[in-house]
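predicted structure and sequence below. I'll ask about it afterward.
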Amino acid sequence: MYAGVASGFVSADQQRLAHMRVDYGEPDDLDVDALAGGWFPLAQQWLADAVATDLPEPNAIVLGTVDEAGRPATRTVLCKGLDADGVVFYTNYDSDKGRALAVNPYASVTFPWIASARQLTVRGSVVKVDAETTETYWRTRPRGSQLGAWASEQSRAVGSREDLVAKLAEVTATFDGVEVPVPPNWGGFRVEPETVEFWQGRTSRMHNRIRLTVASGVIERLQP
């Protein structure tokens, strides 16, 4: 009897999920001519639109990597640089993502502007940014974030929350009264675009997908 009740709850949840959908639509359809000047002007405009409409975390990106065993992983990080050369984010180089990129230096990043029914996906090879660029960005970070980067052995197991807090206290004492330097194993990655895809949600799931292949300059409309 209990199993039957549980099954009923699962079925109801599945029903709710099956019926969850939004019928997207915007006044103007995205078309291939929007990328005539390259991918970056439109990407810059879409990011500006996301900021202007107060979307939460407009610079959040879903980063996809593949490890040495060929297993993919995704996580959300923050874009801290967007220009014609690509998308930049910062991390501990010994983290899971850092180790994956060391063996497979290729990634996909997506800006999921869900509330605006837009997505921007950049795929390409990944390189470390130079130390000067990392240093410049590091100086913009709040001191607490700088200390946190020193305290965390990112992606490693830790015994408890208390252990993590204790490590932060230790690091805070170490750098008391002095400028916090960039950790030696910390810095930026740049995803250099090979393909860039703009997605715009439309009615009846007839979405607009426009992809630019950077090397060739070929712009294509993809079926949704």
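Arrived safely. Residues are numbered from 1 along each chain as shown.

what residues are up against residue 163?
Shown here is residue 163, which makes no contacts under the criterion CB atoms under 8 Å, 6 or more residues apart in numbering. All C-beta atoms are positioned from the backbone trio N, CA, C, and that covers glycine.

would you say it is within a strand?
No: when the secondary structure is assigned by DSSP: H, G, I helix; E, B strand; the rest coil, residue 163 falls in helix instead of a strand.

distance of it from residue 93?
Per CB to CB, to the nearest Å, residue 163 is found 22 Å from residue 93.

within the helices and strands, which one has residue 146?
Here residue 146 sits within helix 143-151, counting by DSSP states H and E.

err, residue 88, not the other one
Here residue 88 sits within strand 86-92, counting by DSSP H and E.

list the buried ones in that strand?
The neighbour-count check on strand 86-92 (16 or more other CB atoms under 10 Å) flags 86-92 as buried.

equivalent analysis for stretch 24-37, please.
Within stretch 24-37, the residues scored as buried using 16+ other CB under 10 Å are 24, 30, 34-35.

what's the helix holding residue 146 packed up against?
Contact analysis of helix 143-151 by 3 or more CB pairs under 8 Å, 6 or more residues apart in numbering; DSSP states H and E lists helix 161-174 as its packing neighbours.

partner strands of whichever helix or strand comes after the helix it packs on, parallel or antiparallel?
Taking DSSP H and E as the definition, the helix or strand that follows helix 161-174 towards the C-terminus is strand 186-200. Note on strand 186-200: by DSSP bridges, its sheet partners are strand 86-92 (antiparallel), strand 118-128 (antiparallel), strand 208-213 (antiparallel).

of those, which is nearest residue 138?
Shortest separation from residue 138 across the strands paired with strand 186-200 is recorded for strand 86-92, at 8.1 Å, computed as CB to CB.

so how far is whichever helix or strand comes after that closest one off the chain centroid?
Tracing the chain past strand 86-92, the next element assigned as helix or strand by DSSP H and E is helix 96-103. Mean C-alpha position of helix 96-103 versus that of the full chain (CA atoms, centre = their mean, to the nearest Å) differs by 15 Å.

now do helix 96-103 against strand 186-200, angle only.
Compare the direction of helix 96-103 with that of strand 186-200 by axes from the mean of the first three to the mean of the last three CA atoms, to 10 degrees and you get 90 degrees.

just the CA atoms of the very next helix or strand once past helix 96-103, as PDB, please.
Elements were assigned by DSSP H and E; along the chain past helix 96-103, the next helix or strand is strand 106-113. What follows is the C-alpha trace of strand 106-113 in PDB, where atoms were taken according to Å, rounded to 0.1, in the frame of the first residue of the first chain:
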ATOM      1  CA  TYR A 106      38.000  22.700 -25.000                       C
ATOM      2  CA  ALA A 107      34.800  24.000 -23.500                       C
ATOM      3  CA  SER A 108      31.300  25.100 -24.000                       C
ATOM      4  CA  VAL A 109      29.800  28.100 -22.100                       C
ATOM      5  CA  THR A 110      26.100  29.200 -22.200                       C
ATOM      6  CA  PHE A 111      24.600  32.400 -20.900                       C
ATOM      7  CA  PRO A 112      21.100  31.200 -19.800                       C
ATOM      8  CA  TRP A 113      19.000  34.300 -20.000                       C
END
